[in-house]
Structure formats: C-alpha cells, structure tokens
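J.: Sequence and predicted structure below; questions after.
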Amino acid sequence: MNLLLKNIYWASDGKNITTDIRISRGVISEIGTLSSLKREKTIDFKNHFLYPGLINSHDHLEMNLYPLMGNPFYNNYTEWAQDIYKPTESPVKEIEGTGIKDRLIWGGIKNLISGVTTVVHHNPWNRHLSKKKFPVKVKETAWAHSLVFEKNIQKKIPKKSLPFVIHAAEGLDDFAQHEILKLNGLGLLRANTVLIHAVALNEENKKLIEQTEASVIWCPSSNLFMFGKTAPVDEIKIKTKVALGTDSTMTGSPTLLDEMRVARNTNLATPKEIYEMVTSIPAKIFGLERPEIKIGNRADFWISPIIHEDYLENIFKIDSSKIRAVFVNGKFRFGDADLATDIGADGYQLSWASKWIAYDIFSLKKRIESKTKDACNQNPLWKMFFGE
C-alpha cells in the first residue's frame, strides 16, 4: 500500500522544508508537491514535524520489565551486580522465568514508542530479533559484557572489523579507571571498539581512546543512578565519536526521549549534539544507513505535533504520549488510534493516551503476568501502558 503524507515539515542541513512525501514498498519514493494516486492513503500532517527514526545505541532488550534495581551509590559495576543478582528473590526470579521472546518484544516496544527504529542490542543474539514483525530493527554486533564477566574475552574478538561492544570504565574508582589500560594492553582498544559508559576516564584514558579512534556510548541516566556521575562527554566529544543509549530500565530511562532530556540536563552537550548522538553518529559507529528524509531511504521515521517552533527543541518537549506515528520500513507500528483508523492499519487500541500499536500487547501482558504476577508493577513502562 502506498501512503502519501501531505504538508509535513522537517529540517535538513539547516534548511526548513515543508512538502509532501510518498511512501512506496517501504521506502521514501517521492518528495515534492504530490497528488494522490488511486488506492493510496493520503494523510494531511499540517502543523506536524517529521523526524528520521532514532537509533538507541545501547539496550539490553530483554531486561526492560525490571524497575530500577539496587541501592546506589556504587564504586563500580561489579558492586551493583553483586547487590542486585538475587535469582531466588522477587522480582528477579519471576522476570527471569518469563519467556525470552516476550521479554525481547517488550524491549522492542519500549524503543518503538519513543521514535526509535533501530536498537543496538548488547546481549546474546536471538532469532526473534531478526523477524520482520519485531517492533524495531536490531543491529547485531560482536560483543563482550565486560572484562570481569567474560571468562575468555579473546574468543569474543571479531575476526573482521565489526563493531565490538563492551562495558568499560563503568564506575568511579581505580578499578574502573584501569579497565581502559587493560583493554589497550589486550589489543582490544581500536577503531571498531565501542566502549559503553566510560565514566572513569583520566587524561591518559582519554588520549588512548582518541588515539585508537574507539567510540563511546553515553548512558547518563544509568550512570547518574548508579554513581551520581557520568562520563566527561563535554571533553571527549570533541575528538571521539559519542552516541547515546538508554541501557535497560534496571538502571536507565524508560525511553530514549527521556534519556535525551537527561543528557540535556547535564549541560555536557547541546541539543544539536544530542540529536546527532541518536542519528548520524551511531550510524557511523555501527555502519547503518544515515537517518534522514530523502528519496531511496527506508521509510523509518516518526511524526509529532509542533509544540515548539524549533525543530530540535520540539523533540525535548515530546514524550511517547504525544507521538502521532512511528513507521518502520514504511509500516505504521505505533501512534494515535484515529490515525490508525484513517490509514486502515490492523492492530490494537490502547486505553493509554488513545494510542494504537501493531502488536497484540494484551496477549503479551497476559503471558507475562502469568509468570510474573505483580513483579512488573513498578516498571515505569508497565505502569504507563496498564496503569498503577
């Protein structure tokens, strides 16, 4: 089915653009002043902004049924892990007993509802992540959890120049700080290395990261929750590629839009820089198609009302309840129920904010609750979808 978006507004390379866009076979096929075709759905989006799909550069997709976990503050990530890993106690026992497919889908939905169309998953690959009907696209990478929690990290090193993702320098103490030197000593600090968190950076570490051209993924809400401090992004962003990630709800923000606001409140990056951290920069780091509105690109985008006249400022005024539509590969997957009716999309209406979603979230809820009972009730996304 073709779809014609009329009178929609976006910004590109400093230019403001208002025009029509045609979506055909999952791609942006035409941009300009366009007339409706036969058997084509036409929607007028006057007074709306169009944004390219966002990229969440760090999430543990199956860990997003959890509430915030732990009793901060910690010196490093190993202290947090020891504190929260209680597999025989609630909520860990119940949530870990839930089917992996359902937990992954919930993680995909978490991202979808904030305009994310691509996620970098940091955990073992699962065949469900590559399904066409999975809520978002998932980027597969080479990865290791961390220096501490890998028995034989050398086996994790990719043979080719695939991005190699690893938690590093996650903490405040000498132990965390020394991880950068240890990675370098093992030959693991190089151009395809992607360091998650990198909170404990001294001048030597910063220079090593710069010299090796490694990248950093910034997760400020997770860092602030666990340590009361985040990475020195204002210093490293000048010569190092820095992208933004949510981490999971165990320590991080409910959605990427929330994470962008946390990032802005640190005053370590400008709104423009934060926007680039969820679009062009992660595309470079992970070898993805650059998120932009142009003919031939996949129709991965989201639409919001204009609340602030500035294109970038508007993003920081938007939360999931205000998003009108999210499209992945040209398919309407989340948004307003009235828009779903106009388009003729098949899916499920939510009581929350008069939203609609392309997934049977009620059956998903039933399956999850059969395993977890009340264990999900403190999860911020669960409360948003299903009430207190």
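T.: Structure's in. What do you need?

J.: all contacts plus neighbour counts: C-alpha atoms, from now on.
T.: Will do.

J.: mind showing which ranges of the stretch 201-350 of the chain have poor pLDDT?
T.: Of all residues in the stretch 201-350 of the chain, none has pLDDT under 70.

J.: Show me where it has its helices.
T.: For the stretch 201-350 of the chain, the helices defined by DSSP state H, counting those that start in this stretch occupy 203-212, 220-227, 233-236, 256-265, 271-277, 280-286, 311-315, 337-343.

J.: mind listing what's buried in the third one?
T.: Buried residues in helix 233-236, defined by neighbour count with 16 or more other Cα atoms under 10 Å: V233, I236.

J.: which outside residues touch that helix?
T.: With Cα atoms under 8 Å, 6 or more residues apart in numbering as the test, helix 233-236 has contacts from K206, W218, V242, L268, A269.

J.: Return the subset of the residues you listed lying in strands.
T.: Cross-referencing those against strands under DSSP state E gives W218, V242.

J.: any residues touching stretch 341-351, and which ones?
T.: Stretch 341-351 is contacted from outside by 41-43, 332, 337, 340, 355-361, 385, using Cα under 8 Å, 6+ apart.

J.: buried residues in it?
T.: Residues I343, A345, G347, Y348, Q349, L350 are the ones in stretch 341-351 that count as buried (16+ other Cα under 10 Å).

J.: May I have it as PDB, with CA atoms only?
T.: Provided in PDB are the C-alpha atoms of stretch 341-351 (Å, rounded to 0.1, in the frame of the first residue of the first chain):
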ATOM      1  CA  THR A 341      -8.300   4.200  11.500                       C
ATOM      2  CA  ASP A 342      -7.600   6.700   8.700                       C
ATOM      3  CA  ILE A 343      -4.800   4.600   7.400                       C
ATOM      4  CA  GLY A 344      -6.700   1.300   7.800                       C
ATOM      5  CA  ALA A 345      -4.000  -0.300   9.800                       C
ATOM      6  CA  ASP A 346      -4.500  -3.600  11.600                       C
ATOM      7  CA  GLY A 347      -3.600  -3.500  15.300                       C
ATOM      8  CA  TYR A 348      -4.700  -2.900  18.800                       C
ATOM      9  CA  GLN A 349      -6.100   0.200  20.500                       C
ATOM     10  CA  LEU A 350      -4.700   1.100  23.900                       C
ATOM     11  CA  SER A 351      -6.500   2.900  26.700                       C
END
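
J.: Distance from the chain centre to that stretch, please.
T.: Counting by Cα atoms, centre = their mean, to the nearest Å, stretch 341-351 is centred 24 Å from the centre of its parent chain.

J.: what do you get for stretch 27-47?
T.: Relative to the chain's own centre, stretch 27-47 is displaced by 28 Å; criterion: Cα atoms, centre = their mean.

J.: repeat for stretch 155-164
T.: Chain-centre distance of stretch 155-164: 22 Å, with Cα atoms, centre = their mean.

J.: So which bits of it are buried?
T.: Neighbour counts over stretch 155-164 (16+ other Cα under 10 Å) mark I157, L162, P163, F164 as buried.

J.: Kindly report the same for stretch 227-240.
T.: F227, K229, T230, A231, P232, V233, I236, K237, T240.

J.: Tell me what R298 is bridged to.
T.: R298 has these beta-bridge partners by DSSP bridges: V27.

J.: these two touch, right, it and S29?
T.: No - the pair R298 / S29 is not scored as a contact, 9.3 Å apart, by Cα atoms under 8 Å.

J.: Between these two, point out the one with more neighbours.
T.: Taking other Cα atoms under 10 Å, R298 and S29 do not tie; R298 has more neighbours (24 against 17).

J.: residue contacts, the more buried one?
T.: Contacts of R298 were listed using Cα under 8 Å, 6+ apart, and they are G26, V27, I28, N329, G330.

J.: Pick the one among these closest to T98.
T.: T98 has its nearest neighbour among the contacts of R298 in N329, at 29.1 Å by Cα to Cα.

J.: Can you tell me who P305 pairs with across the strands?
T.: Beta-bridge pairing for P305 (DSSP bridges): H48.

J.: Report the contact partners of it.
T.: Residues near P305 by Cα under 8 Å, 6+ apart: N47, H48, F49, K322, I323, R324.

J.: Distance-wise, check the fourth one relative to W10.
T.: Distance of K322 to W10, computed by Cα to Cα, to the nearest Å: 17 Å.

J.: Equivalent analysis for the first one, please.
T.: The span separating N47 from W10 equals 11 Å under the rule Cα to Cα.

J.: residues in contact with N71?
T.: With Cα under 8 Å, 6+ apart, N71 has these contacts: D83.

J.: Now do it, the pLDDT please.
T.: Here the pLDDT value assigned to N71 is 97.

J.: and the gap between it and N152?
T.: In this view, N71 and N152 are 30 Å apart by Cα to Cα.

J.: same deal with S370?
T.: To N152, S370 is 37 Å away according to Cα to Cα.

J.: And for S29?
T.: Using Cα to Cα, S29 is found at 48 Å from N152.

J.: cool, I361 as well?
T.: Going from I361 to N152 by Cα to Cα gives 39 Å.

J.: Which PyMOL command selects the buried ones in the contacts of stretch 341-351?
T.: Here is the PyMOL command that selects only those of the contacts of stretch 341-351 that count as buried (16+ other Cα under 10 Å):
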select buried, resi 41+42+43+332+337+340+355+356+357+358+359+361
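
J.: Many thanks, we can stop here.
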